[in-house]
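*Asks:* got a sequence here, can you model it:
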Amino acid sequence: MRIRRLDLARYGKFTDRSIAFGEQLGDGPDLHIVYGPNEAGKSTAFSALLDLLYGIEFRSRFNFLHPYSTMRVGGVLELGSGTFELARVRGRQNTLLDAHDRPVSEAILQAELGAIDRDAYRTMFSLDDETLEKGGESILGSKGDLGQLLFSASAGLADLSRRLADLDAEADRFHRANARSGELADLKARLATLKQERDSLDILATEYRRLVAERDDARLHYETALGERARTSVRIDEIRRLLAALPRLASLKTVRGELAGLDDLPDAPAGWLRELPRLREELARHSARLEAIDGTIANLRGELDGLEHDDAALNVAAQATALAELRARHMTADRDLPERRLSLREVDGTISGILDRIGRGGEGNPGRLVLGAPALGTLRTLIEARSGIDARSRAAEAELSRAERDLAEAEARFRDAAGDDTVAARDGSARDAALRATVTALRADDHAARRRLAERARANRQAALDDALRALKPWHGEPDALINMVVPEAGEIDGWRTGIQDAQREVARREEELDRLRAEAARLRAEIDVIARSAGLVGADEAHRVRVARDEAWTAHRAALDAVTADAFADAMGHDDRIAAARLSHASELAQQRQAERALALAEVDIGRTEGLAAKARASLAAWQDRMTQAIRAFAPGLSADMAPAVLEAWLARRDKALEGLAALREAERDLAEAQADGEAARGRLAGALAASGVAHDPVQDFEAMMAVAEAALDRQTELAALREAIAQGRRKVEERTRDLEEARIAGRDWQRAWDEACAATWLGEGGTVPAVGIVREILVAVGDLGPALAKRTNLADRIEKMERDQADFAAEVDRLAGMLDLSAPGGVLDRSAAIEERVKTAEDVRVRRRELGRKLEEAVDTGREIAAALSGHKARSDEITAFLGVETLNEAETVLRAIERRTELRRQQDDIVRDILDATNLPTLEEAEAVLGDVERRALEAERAELDARFEGEDGRVRELFSAHSKAEDRLNAIGGDDAVARIEERRQTTLLEIEDGAHRYLRLRIGAAAAGHALRLYRDRHRSAMMARASEAFRTISRGAYRGLAAQPGKDGEILVAIAADGASKLADELSKGTRFQLYLALRVAGYHEFAETRRPVPFVADDIMETFDDFRAEEAFRLFADMAGVGQVIYLTHHRHLCDIARRVCPQVRIHDLDAGTENPAVLLAEGR
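*Replies:* Next up, the predicted model:
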C-alpha cells in the first residue's frame, strides 16, 4: 500500500487541504518529510490517515472546528488491486466513498490490510518519542531475551515482557505453590467457616422448648417491672408540677395587688409611646430648619442683585471658541517650524549621500534612479537564486566524490571478503539453493526447543513427584503402589465425617446437658439448705416424727391415765405445737422449700435419663471411628489408624497430586524421547545437505553445531551478495551524481544569461557593462533608501508651507475680534488673544452664576413652604395626644403612657401565671386550682418526691436487668436459626465452590497461555533470527556510527540472549546498555522488523513522529539513512517541526520529498532535494 495523496477536507484545524505525496520516482527510496511548526497539524494528519483506513472514530477529538456530521478525509491510495480515490465520512455504515461519493465496500482496504487493525497499525507501523522510550525500557524488562526482542520489534509491542509478567502475577494471585495466602486459600478458608456456621445451627427440640420458656418468662417479668416504673414516674411528674405551681400562685397575688392601682387610666392606642420621641424631635428639627431657610433666601437675593451682564462679550463667544483652534495651530507651527526646516536640510543631505554612493552625484533627476517593482523583483530573485545554484554545484561535486569513494570502498570490501576463493566470488545462489531450502525447513523444526522443554519438564516433574511422595508420610512405597491402591470414595468419607461429627455433637450436647442438670441440682440443694437455716424451719420428716411421737404419747396416756403419761403427753404435744406454729409463721419460706425439693427431684430424674443418652452417644461415636479405622488399615496400613476424616481427605488429595505428578513425569519422558528421535533425523538430513553442497563439516557433531556451520556458509553467501548489491548501487550513484553535476552547471549558465538581460533593462546596464552581483546588491540597498528619502523631502516642504499659512490666519482673526470688543491690550498677538478669551469667559461665568442663583432661590422658597406645612401637622398631632390624656405637655403625656404600658404588661403576666397554674394542676378553673394548692403542704410533697425518686432508681435498675435478661434469651433463641439460615449458608457454600471452579479455569488458562507465549517466542526467534539479526546488526552499526559493530546471540539460562559487540570487540548484554543506546538498539530492531514484514507481504506506509528531538545531527543523519533504506521497500513518512532535519535528510537522501504544512496554500508545497 502507498499514499499518493491525503485530503484533509474537513478534519481538525484543516479545511480543503491536501498533502500530495505524488507517485514513486522510479526505484529510488520513497521517503517523505512532512514539515510544520508546533500545532501545524502533523499528528492530525497521521490520525486522518488512520481514520481514512479504519473509519472516523465515534467520539473523535478532531471535531473542534467541523461538527461530526461534516467531517471528511480522503486520498488517493495505491493498492495491490490498483489505484483508488477514496473518501471517508463519519457514520455507522456506508462511510467509505469513491470519487463520485458513492459507497464502496470495506473489502478494498481489508484485502490490503488483512488482520491489521487500527491499534496494530499504531504499534507496528508508527513510531514516536513515547514508543521509542517504551521500547528502550522493554529491553531492560526482557533481560535481553532474543525471542522477546525480535517479536516486539516486528509487532511493535514494546511492553511484551511486562504483559507476560502480568499474566504470571495474575496467576500467582490465585494460587502459588507452597504459599499460604492467595485467592484459592481465602476461598478454602471461607468454606471451612461456612461449615462451622452450618454445624452450629443444629439443636435438640427439648432445648428449643426450654429456650422459648425462658424467653417468655423473662418477657413477663420485664413487662411487670416496666409497668411499676411507669406508675412511679407518673406520680413523680405530678408532684413536680404541684411544686412548680406553688411559687406561681404567690406571683399571681403580687400582680393582682399592683394592677389594683392602675385601673383608672384610659386605654390609649399602643403606638403612642413609641411615637412621642419622634414627634418631639420632628417639632424641634422643623422649627430650626424653617429659621435657617429664611436666612438662605435673603442671602441669595442679595448676591443676585450684585451681578451685571456683558452683552458684547457674549455676542462674540462663538467666534472666540473658533479662535482657540486657530491659536492651537499657531502655537504648533511656532514650535515645529524650526525643527521641520532643519529636517528638510538633513533630507537634502541624505539624498546627496545616496547619489554619491551609487556614483550618480551630479544627477539632476534623482527620481529616475528608483527602480520599479518588476525590475527590482527580478534582480532580487536572481541574486537569491545564485547562492542556491552555487551550493547545488558544490553539493553535486561533493556527492560525486563521495559516491566514487563509496564505490571504491565497496569493491575493496568485496575483494577482502571473497579473497582467493574464485568460486565464492561468483554468484552462489544456484549452488546453495538446496542447502538454503534445507536450513529454512529445519529452522522451522522445533525439535531442539521441544527437547530442551522436555528435559526441563522432566526434571521439574521429577522434583514435583519427589515432593508429592514426601508429603504422603508416614506412608512409604513405590509410586506404582499408589495406582493400585483402592481408596474410599468421597461419598463414603463424607458419610464417615457426617456420622462422626453428628456423634461428637451428640456426645458434647449430652455432656453439656449433664453439666447443666448437675449444676441445677447442686443449686437447688443449696437453696433448700439456705431456706432451712435462715428461717429455722423443721423439715417435713422431723415434723412427721414429732407428730408420730405426740400420737404415741396420747395413746399411752389414754391407756394409763396417770400423771407420768399426762406429763409425757403434754411435752410431746407442746413440742408438736411449737413446730406447727413455727412452720405456720414461715409458710412462704416453707412453700419455697417444697417447690425447690420438687425441682430437685425432677432434676435428678433428668440426670439419670441424660447419662443413659450420653453413654449411647459415646458408643455411636466409637462405632463410627472403628469403621473408619478398619477402612484405613485395609488400603494403607502405614497410615495412622486414628486419622480424622479431614486429615484423610487431605492425604488422599496429596495422593491424587502425586499420581498427577507421576503421569506428568511419564508424559515428559515420552516427549523427550520423541524430540530426541526428531533431532537425530534432522541432523542426518542436514549432514546430507552439507555434503551435497560441498561444505566441510564434522559428520559426528551435534545438530546445533552442524546448523551453525550451515548458517555460517549461508551468511557468507548472503554477505557476498550484499556486497555485490552495494557495488551495483555504488555504480548507479556515481552515474546519478555525474548527471546531477552536469545539471547544476547548466543551471549556472542559464542564470548568467538571465542576469545580463535583467541589468540591460535598467539604468544599471548603461555604458554597455554588466555590474557584478555584489555591486548590484549594494546598489539595490541604496536605491531602496532613495525612494523614501525623496518622499520624505516632498512631505516636509508641504508641511512647512501649511504651518506658515496657519500663523497668518490666526493674527488676522485676533485683530478682527479685538476691534469688535473695543479691546486694546498691550503685547503680541498671543496676548491679545488671551485678553479676548478672558473677557468672554468672565461674561459667560456671570451668566451661569445668575442662572444658578435663581434656581437655588426658587428651591429655597419651595423648601420653606414644605417645612412650614410639616411643622403645622406635627403641632396638630401633639395637641391631639395631650387633649386625649388630659395633660398640658408631651413630657406629661409620656409619663401617663408608660403607666398604661405597665398595666398592659401586668395583665399579660397575670394571664401567663394563670395558664401555668392550670397546666400544672390539670384543672379547668383557677378557683379549683387555688383550692387544691391551698390544701397542699410543700414539705410533705418534697418528702414524697424524695421517696419516689429513690424507688424509681431501684425500679429502673431492675427494668434494665430484666431487659438484658430478656434480650439475651431472645438472642439465644434467634441464634438457633429456625428460619432458612442453613439453606442460605449452603447456597453461599455452593457459590464459593463455583468461584473456586472459575478461578481454577482462569488459572489454568493463564498458566497455559504464558507457557504457549514463551514457546511461540522461542519458535519466532529460531525462525527469524538469522535474517533479522543480520539487518538489525547492520542498522545498529549504522545508527551508532561505528561505536558498535554489530549484534550477536549467546546461550542463556532460559534461552538465547542478545549481545551488543562494541567497536573494540568488547561485548555488552542488551540490558546493560545506556538509555540512549537502548533507544538506538530498539530503532534498529524496528527497522529490521519492517524489512522482515515486507519480505512476506505488501508493505504499508511507516510513519515516524519526531523521534529525533534528542538526537544530535550525526545520529539524526544515520537515522535518516535507516529510513531511506526502509523507503526502498515501502513508503516512509517522517513528521517533524525541526527545519534543520530537512537539510540533513537532503544530504543523506537527495530523492527525499519535503511537504511544508505552513506553506499557506491549499496544496502544501513539495520541496525537492534540489532546493526548488
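
*Asks:* who's in contact with residue 125?
*Replies:* Residue 125 sits next to 116, 156, 1090, 1100-1103 when contact means CB atoms under 8 Å, 6 or more residues apart in numbering. The way it works is simple: take the backbone N, C-alpha and C, and place the C-beta from them, glycine included.

*Asks:* now residue 916
*Replies:* Shown in contact with residue 916 (CB under 8 Å, 6+ apart): 244-245, 248.

*Asks:* so among the contacts of residue 125, where is pLDDT lowest?
*Replies:* In this model, the minimum pLDDT among the contacts of residue 125 belongs to residue 156 (41).

*Asks:* residue boundaries of the strands in the stretch 101-250 of the chain?
*Replies:* In the stretch 101-250 of the chain, the strands defined using DSSP state E, counting those that start in this stretch lie at 126-128.

*Asks:* so what's residue 88 bridging to?
*Replies:* Residues in a beta bridge with residue 88, per DSSP bridges, are residue 73, residue 96.

*Asks:* any idea how far it is from residue 387?
*Replies:* 44 Å (CB to CB, to the nearest Å).

*Asks:* comparing these two, which residue is more hemmed in?
*Replies:* residue 88 (24 against 11; other CB atoms under 10 Å).

*Asks:* surely that one touches residue 57?
*Replies:* No - applying CB atoms under 8 Å, one finds residue 88 not in contact with residue 57, separated by 11.1 Å.

*Asks:* joint contacts of the two?
*Replies:* Counting by CB under 8 Å, 6+ apart, the shared contacts of residue 88 and residue 57 are residue 51.

*Asks:* between the contacts of residue 916, which is nearest residue 291?
*Replies:* Within those, distances to residue 291 taken as CB to CB reach their minimum at residue 248, with 57.9 Å.

*Asks:* doesn't residue 920 make contact with the closest one?
*Replies:* Yes - look at residue 248 against residue 920 with CB under 8 Å: they come within range, at 7.4 Å.

*Asks:* okay, these two: which has more neighbours?
*Replies:* More neighbours surround residue 920 than the other of residue 248 and residue 920, with 21 against 18 (other CB under 10 Å).

*Asks:* the nearest residue to that one once chain neighbours are set aside and residue 133, how far apart?
*Replies:* Leaving out its chain neighbours, the residue that sits closest to residue 920 by CB to CB, 6 or more residues apart in numbering is residue 245, at 3.6 Å. Residue 245 is 90 Å from residue 133, where distance means CB to CB.

*Asks:* what of residue 376?
*Replies:* Applying CB to CB to residue 376 and residue 133 gives a distance of 52 Å.

*Asks:* neighbour count for residue 245 and residue 133, which is higher?
*Replies:* residue 245 (20 against 17).

*Asks:* my guess is the more buried one contacts residue 933. True?
*Replies:* Yes - in terms of CB under 8 Å, residue 245 counts as a neighbour of residue 933; the distance is 6.0 Å.

*Asks:* list the residues that contact both of these two?
*Replies:* Taking CB under 8 Å, 6+ apart as the contact rule, the neighbours common to residue 245 and residue 933 are 917, 921.

*Asks:* how about residue 411, what does it touch?
*Replies:* Contacts were defined as CB under 8 Å, 6+ apart; by that measure residue 411 touches 727, 730.

*Asks:* what is the rounded mean pLDDT of the helix or strand in which it is found?
*Replies:* Counting by DSSP states H and E, the element that carries residue 411 is helix 373-418. Mean pLDDT, helix 373-418: 81.
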